[in-house]
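**Student:** coordinates only, no sequence provided:
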């Protein structure tokens, strides 16, 4: 059986990042159920400047083209962004715009976001879910939203409620993930 190919798309523009920590927690929980999964990170904080300079896919540097191909060939995409002005980051959307229109058809996508206030939690269902649904991806039943209060000062997921949401999201995702 081949290894599960997981790609994490982290829309955060900075490192360290609470969004990165949340993504890592999701992957770690997933790996408990599906050991040996292959993980590829796409970090906007690392590619943002090069990405922002490109207007068409053929202009992208090889490294970013490889990231897009990893997303398109993934068995599971974990898509996460901090909430900026009630939505995902602009460069997160810019990268998604380069994906092929049919590249995500029926691909399971686990949605996640971080923000400063519980009021932004609906961004998962009102911004991210429609974005991936438009591309006919299979957005998984439960996304995970975490606020600043769910993390310790040293960027560790500390809240038991947030950890429970991570576990529930992965549990609900498992029946939709095939190798």
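**Tutor:** On my side now, so go ahead. Since we're looking at a predicted model, the values are computed, not measured. Numbers count the residues shown, from 1 in each chain.
**Student:** list the contacts of the residue nearest to residue 34 when sequence neighbours are not counted.
**Tutor:** Take residue 34 and drop its neighbours on the chain: the residue closest to it by Cβ to Cβ, 6 or more residues apart in numbering is residue 4, 5.3 Å away. All C-beta atoms are positioned from the backbone trio N, CA, C, and that covers glycine. By Cβ atoms under 8 Å, 6 or more residues apart in numbering, the residues touching residue 4 are 34, 36-38, 75-76, 177, 179.
**Student:** partners of the host helix or strand of residue 7 in the sheet?
**Tutor:** Following DSSP states H and E, the helix or strand that holds residue 7 is strand 5-10. With DSSP bridges as the test, strand 5-10 is paired with strand 38-43 (parallel), strand 76-82 (parallel).
**Student:** any residues touching the last one, and which ones?
**Tutor:** Meaning strand 76-82. 4-13, 17-19, 22-23, 26-27, 30, 71, 88-89, 92, 104, 107-115, 128, 132, 137, 173, 177.
**Student:** at 7 Å instead, please
**Tutor:** Applying Cβ atoms under 7 Å, 6 or more residues apart in numbering, the contact partners of strand 76-82 are 4, 6-12, 19, 22-23, 26-27, 71, 88-89, 92, 107-115, 128, 132, 177.
**Student:** thought residue 83 was touching residue 123?
**Tutor:** Yes - Residue 83 lies in contact with residue 123 (Cβ atoms under 7 Å); the separation is 5.1 Å.
**Student:** more crowded one of those two?
**Tutor:** More crowded of residue 83 and residue 123, by other Cβ atoms under 10 Å: residue 83, with 25 against 22.
**Student:** what sits against that one?
**Tutor:** 113, 115, 120, 123 are the contacts of residue 83 under Cβ under 7 Å, 6+ apart.
**Student:** gap between the most centrally placed residue in the chain and residue 149?
**Tutor:** The centre of the chain sits closest to residue 79, judged by Cα atoms, centre = their mean, with a distance of 1.7 Å. According to Cβ to Cβ, to the nearest Å, residue 79 and residue 149 sit 23 Å apart.
**Student:** point out the most buried one among the strands paired with strand 5-10.
**Tutor:** strand 76-82 (a mean of 27; mean count of other Cβ atoms under 10 Å).
**Student:** list the buried residues for the following helix or strand past that one?
**Tutor:** Next along the chain after strand 76-82, taking DSSP H and E as the criterion, comes helix 90-97. For helix 90-97, burial by neighbour count (16 or more other Cβ atoms under 10 Å) applies to 90-92, 94-96.
**Student:** report the distance from the longest helix anywhere in the chain to the chain centre.
**Tutor:** Using DSSP state H, we find that the single longest helix of the chain is helix 18-33. Here helix 18-33 is found 10 Å from its chain centre; the criterion is Cα atoms, centre = their mean, to the nearest Å.
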